[in-house]
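In: Turn this into a structure:
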Amino acid sequence: MSALEVRDLTVEYAAARGKPFRAVDSLSFSLDAGRTLALVGESGSGKSSVLRALSRLVRPAAGSILLDGREQVRAREYRRAVQMVFQDPFASLNPSHTVDHHLRRPLLATGRARRGEQADEAVAELLRQVNLTPAADVARKRPHELSGGQRQRVAIARALAPEPSVLLADEPVSMLDVSIRLEILNLLDRLKRDRRLALLYVTHDLATARHFSADIMVMYRGQVVERGPSDQVILDPRHPYTRLLAAAAPSTAATREQIREARRVRQAARARRDAERREIVVGDGCRFRPRCPFAMDVCAQRPPEVPVPAPSGGDGGHRALCWLYAEGAPAAPEAPATEAAGTAASRAGDGDRGGAPA
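Out: Sure, this is the predicted structure:
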């Protein structure tokens, strides 16, 4: 049984005129204990709206969220089990309170510790688990006395205080210096294993998504367009949008010519997008159609989510929301040379996992 299961989740926001804006459209997935699922996509794809719905900051327009197989869960129990690590550690901690206050309060509010020595020891243990020592000295400090990495460790410790089963990480390292991002991601990975947490890692960084997650979902305009094992999705992307993301991703192993070619791909894709958006009305069809180099007439219809054969054969869980892989679909036109070259450059520059992701 999954720790958290999402079925046909839809999130809408009121618009000034006309129909509500649909930020998430019929999204389904599950989070399993001890595993990390990465949700990737560019800004505006709907990633934050998914988190807001899962953390009950917004009410979904449709769909259901099941905690340990149960849909009807009291708000207090749900919020104790599902905790969130916010993107900005500078804004998520109250500057007027000490670290001790930030950690003690959720311990007492959820009944995980009693006032006095029990709470003191629980605060110290939380700080030790996130590698903030000596715990007594750190507990007395206020957020402005800590570095960005230390603040994020405090935020992680605060999320762990209620002993959750699900952790939602909203780009937890994007506001930190490059030199400490890997430390924070390794910390989250260790805590996930030690505590058997179900972790949803939201990011726009394909390198860290591949390195730290077992599975990846690629999101575009409220829909998951590709999902599957992380290595398959990143090293062998099938949906045209995922290919463009991979081509645009920087790589420490890429040559200067590959980097220049990837830049040309982005410029060509932007030009195609601007030109085709003026000509194509998406309607109920594929939402990526105005930017897709493989666009066909059938793309005017809503595409199915179809399995993509694994390299070793069989169904490895790799799926794409695309007519290119639907049985009986017409042959796709040739992609522009810049897109094909950029995808090849991305794959050549990716290689193995290489060094630490930025």
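In: Kindly list the single helix or strand of this structure that scores lowest on mean pLDDT.
Out: Across the helices and strands of the chain, mean confidence by mean pLDDT, DSSP states H and E is lowest for helix 337-350: a mean of 39.
In: Give me the average confidence score over stretch 86-94.
Out: The pLDDT scores in stretch 86-94 average 89.
In: ends of it, how far apart?
Out: 13 Å (Cα to Cα, to the nearest Å).
In: just stretch 100-119 next, same as before
Out: Its first and final residues considered, stretch 100-119 spans 10 Å by Cα to Cα.
In: cool, stretch 158-165 as well?
Out: Stretch 158-165 has an end-to-end distance of 14 Å (Cα to Cα).
In: Show the average pLDDT along it.
Out: 96.
In: roughly how far is that stretch from the heart of the chain?
Out: Once both centres are worked out by Cα atoms, centre = their mean, to the nearest Å, stretch 158-165 turns out to sit 20 Å from its chain's centre.
In: Can you give the contact residues for that stretch?
Out: For stretch 158-165, the surrounding residues in contact (Cβ atoms under 8 Å, 6 or more residues apart in numbering) are 3-4, 33, 68, 79-85, 102-103, 106-107, 110, 112, 122, 126, 129-130, 167, 191, 195-198. C-beta coordinates here come from the backbone N, C-alpha and C atoms, glycine included.
In: from those residues, which ones fall inside helices?
Out: Secondary structure assignment by DSSP state H places Arg79, Arg80, Ala81, His102, Leu103, Pro106, Leu107, Ala122, Leu126, Gln129, Leu191, Arg195 of the contacts of stretch 158-165 in helices.
In: And the residues you listed, which two are furthest apart?
Out: Arg79 and Gln129 (20.9 Å; Cβ to Cβ).
In: Give me the buried subset of the contacts of stretch 158-165.
Out: Among the contacts of stretch 158-165, those buried by neighbour count (16 or more other Cβ atoms under 10 Å) are 3-4, 33, 79-85, 102-103, 106-107, 110, 112, 122, 126, 129-130, 167, 191, 195, 197-198.
In: Let me see the ranges of the strands in the protein.
Out: Listed in chain order, the strands of the chain (DSSP state E) span 4-13, 21-31, 36-40, 62-67, 82-85, 166-170, 198-203, 215-220, 223-229, 305-309, 315-321.
In: And the ones you listed: which comes nearest Phe294?
Out: strand 315-321 (11.8 Å).
In: The closest one vs strand 305-309, what angle?
Out: 140 degrees (axes from the mean of the first three to the mean of the last three Cα atoms, to 10 degrees).
In: And strand 315-321, what does it pack against?
Out: When contacts are defined as 3 or more Cβ pairs under 8 Å, 6 or more residues apart in numbering; DSSP states H and E, strand 315-321 sits against strand 223-229, helix 230-235, strand 305-309.
In: Enumerate the beta-bridge partners assigned to the residue nearest the centre of the chain.
Out: In the chain, the C-alpha nearest the mean C-alpha coordinate belongs to Val202, at 2.0 Å (Cα atoms, centre = their mean). Listed by DSSP bridges, the beta-bridge partners for Val202 are Leu39, Asp170.
In: Check Ala198 too.
Out: Assigned bridge partners for Ala198, using DSSP bridges, are Val166.
In: and if you look at Met219?
Out: With DSSP bridges as the rule, Met219 is bridged to Val224.
In: That one: how many residues sit nearby?
Out: Residues lying near Met219 (other Cβ atoms under 10 Å) number 23.
In: and the closest residue in space to Asp189 that isn't next to it in sequence, what is it in contact with?
Out: Counting by Cβ to Cβ, 6 or more residues apart in numbering, Asp189 lies nearest to Phe212, which is 5.6 Å off, once chain neighbours are set aside. For Phe212, the contact set (Cβ under 8 Å, 6+ apart) comprises Thr36, Ala38, Leu185, Leu188, Asp189, Tyr201.
In: The fourth one and Thr203: what is the separation?
Out: Relative to Thr203, Leu188 is positioned 12 Å away (Cβ to Cβ, to the nearest Å).
In: do you know how far the nearest residue to Arg153 once chain neighbours are set aside is from His97?
Out: Closest residue to Arg153 apart from its sequence neighbours, by Cβ to Cβ, 6+ apart: Val130 at 4.2 Å. Noted for Val130: a distance of 18 Å to His97, by Cβ to Cβ.
In: Can you mark which positions in stretch 62-80 are buried?
Out: Buried positions in stretch 62-80, judged by neighbour count with 16+ other Cβ under 10 Å: Gly63, Ile65, Leu66, Leu67, Tyr78, Arg79, Arg80.
In: List the residues that contact the spatially closest residue to Pro304 that is not a sequence neighbour.
Out: Nearest residue to Pro304, sequence neighbours excluded (Cβ to Cβ, 6+ apart): Ala326, at 5.5 Å. By Cβ under 8 Å, 6+ apart, the residues touching Ala326 are Pro303, Pro304, Val306.
In: Beta-bridge partners for the last one, please?
Out: In this case it means Val306. Ala320.
In: does it really touch Cys322, like I thought?
Out: Yes. With contacts counted by Cβ atoms under 8 Å, Val306 reaches Cys322, the gap being 7.3 Å.
In: Among these two, which residue is more densely surrounded?
Out: Legend: neighbour count by other Cβ under 10 Å for Val306 and Cys322, higher for Cys322 (26 against 16).
In: Could you measure from that one over to Gln118?
Out: In this structure, Cys322 and Gln118 are 55 Å apart, going by Cβ to Cβ.
In: same check, this time on Leu27
Out: 41 Å.
In: So the two - more neighbours on which side?
Out: Leu27 (23 against 13).
In: List the beta-bridge partners for the more buried one.
Out: Residues in a beta bridge with Leu27, per DSSP bridges, are Leu9.
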